[in-house]
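Undergrad: here is the input, now give the coordinates:
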Amino acid sequence: MFDDLVAMVTPLTRNAYTVSVSAVTPKLKLDSSWSDKVILQAGKSQKYKIPYSGYPEPKITWAFSGDTHLPSTVTPTADTAEIVLSLKNVARGDSGIYEVTVSYHLYPVLLPPVSYYIGVACP
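TA: Below you'll find the predicted structure:
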């Protein structure tokens, strides 16, 4: 997470230091296996993981087809290095565009949203 972190250490006394840490712009680390269109079978479960970096920890917001209320079968989580969207026992009503936005609380940095179209096929 802190690959681009810049810190400056200034000695004050023999045992005391001041540490200044600069912000690191958030980055989503999408690799070649990432796809923005996914079709799942009804009743199946799936996790989608998006690695990211940035400091301080960014604000992560999900939307489903333009609404911030996600279906009850969908659970978003995040830790310090990965954003995860978990879908459990999906149904046709879970089909739509899931969009994640990463921004900072304190700084005016906003990455372009990343979108998944998730379709649910019924047998």
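
Undergrad: going forward, measure contacts between C-alpha atoms and count neighbours the same way
TA: Fine.

Undergrad: once you drop chain neighbours, what's closest to L87?
TA: With sequence-adjacent residues excluded and distances taken as CA to CA, 6 or more residues apart in numbering, L87 is closest to V74, at 4.6 Å.

Undergrad: quick check: the one you found touching V84?
TA: No. Using CA atoms under 8 Å as the test, V74 is too far from V84 to be in contact (10.3 Å).

Undergrad: quick one, which of those two is more surrounded?
TA: Using other CA atoms under 10 Å as the criterion, V74 and V84 rank with V74 on top: 18 against 15.

Undergrad: pLDDT value on the more buried one, please?
TA: Note on V74: pLDDT of 90.

Undergrad: is Y117 bridged to anything, and to what?
TA: Beta bridges link Y117 to K37, I97, judged by DSSP bridges.

Undergrad: if I pick it, what's in contact with it?
TA: D36, K37, V38, S95, G96, I97, Y98 (CA atoms under 8 Å, 6 or more residues apart in numbering).

Undergrad: could you redo the last one with a cut-off of 10 Å?
TA: Contact partners of Y117, counting by CA atoms under 10 Å, 6 or more residues apart in numbering, are S35, D36, K37, V38, I39, F64, S65, S95, G96, I97, Y98, E99.
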